[in-house]
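[1] Task: produce atomic coordinates for the following.
(one chain, ligands or ions: 1)
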Amino acid sequence: MKYAVLDRGDSLSQELAKRFHELAAAQGFERNDQFPETVISIGGDGTLLHAFHTFMDQMHDVAFVGVHTGHLGFYADWKADELDELVAVMASAEPKRVRYPLAQIELETKEGPASYLALNEFTLKGVDGTLVAQININDEMFEMFRGDGIVISTPTGSTAYNKSVGGAVIHPSIPSLQIAEIASINNRVFRTLGSSVILPEHHHCDIISKKEQRLLLTIDHVNIEREDIHSIRCSVSDRRVCFARYRPFPFWNRVREAFLGYEVK
Ligand code: NAP
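    Numbering: from 1, shown residues only. Below you'll find the predicted structure:
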């Protein structure tokens, strides 16, 4: 097996990364930082976002495994004290490969098009004031937004920023995008639905900038500031991210453990 390890950079994660390399060498795994088959992310869900963006161009060939150095995460489902068990099972068993939907973001700008993929979400905010934008769904005007911002999340990202702004938690087997508002202003001119909206994979939405404004785009943890954006199209990507699951950990158990605090047996 060709593998690479990415760690969060703190001393515990670095120590675990070193230990993983030792255990992996003993099993005859081949370390390959450029073209791995399996990427081990050690840290948290945030570390896995970094790993995803590092290997995004090889998405077709790579499967991710997440080790959490704190509480169990949504992407990181192995604990720090389970490293030996993880390497042993990687050496002896074929994983179940689960594939989760991603969000595709396509910008129309004065300088031409640009496109991105998000694992968690894409967030749009105004830099100097409120964001003013028209939202179209399937090429028809849906609402006129003014407020702090808009979060467009994937199903696996629905437990992240989306949840903090009141969006619903979506099971990752439902290929969809969720549009959630951050503090919308509602009056006669600007009127929004108020609740989040979930689009199926054959639908798309366009966010059309309605004034000269500097925009802050955040794709997972990556910030981009631009003032030349005309519109942004969001849809479910035809690419997917692959996770190697060496043991089951049902999504609703993760949700229960992360947010309700009940121990998962
Ligand atoms: P960060 O501010 O260091 O971490 C944000 C938190 O979100 C961390 O606790 C992280 O868990 C958790 N997280 C990440 N993905 C998640 C998921 N799919 N489900 C549940 N929790 C998740 O930022 P970062 O590490 O660079 O991560 C960027 C992410 O932060 C963005 O994708 C966005 O979702 C999130 N964010 C949330 C808010 C908010 O909720 N108000 C605001 C901005 C950004 P770990 O501790 O396991 O890494």
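
[2] Now do the contacts for the closest residue to the ligand within the stretch 1-150 of the chain.
    In the stretch 1-150 of the chain, the residue found nearest to the ligand is residue 46; the distance is 2.2 Å by C-beta to the nearest ligand atom. For the C-beta atoms, the positions are set from N, CA and C on the backbone; glycine is no exception. By C-beta atoms under 8 Å, 6 or more residues apart in numbering, the residues touching residue 46 are 8, 221.

[3] Shouldn't it be within a helix?
    Yes - assessed with DSSP: H, G, I helix; E, B strand; the rest coil, residue 46 lies in a helix.

[4] For residue 14, which non-adjacent residue is spatially closest?
    Of all residues not flanking residue 14 in the chain, residue 7 sits nearest, at 5.6 Å (C-beta to C-beta, 6 or more residues apart in numbering).

[5] Cross-check the contact I'm expecting between the one you found and residue 47.
    Yes - counting by C-beta atoms under 8 Å, residue 7 touches residue 47, with 6.9 Å between them.

[6] what do the two both touch?
    Common contacts of residue 7 and residue 47, defined by C-beta under 8 Å, 6+ apart, comprise 13, 41.

[7] Can you pull the residues of the stretch 1-150 of the chain lying near the ligand?
    44-46, 49, 73-74, 120-121 (C-beta under 6 Å from any ligand atom).

[8] Show me the shaky parts of the protein.
    Scanning the chain for pLDDT under 70 picks out 263-265.

[9] what's the single longest strand in it?
    strand 229-245 (DSSP state E).

[10] From the chain's centroid, how far away is that one?
    Mean C-alpha position of strand 229-245 versus that of the full chain (C-alpha atoms, centre = their mean, to the nearest Å) differs by 9 Å.

[11] which helices and strands sit right next to it?
    Secondary-structure packing of strand 229-245 (3 or more C-beta pairs under 8 Å, 6 or more residues apart in numbering; DSSP states H and E): strand 63-68, strand 96-109, strand 121-126, strand 176-184, strand 204-209, strand 215-219.
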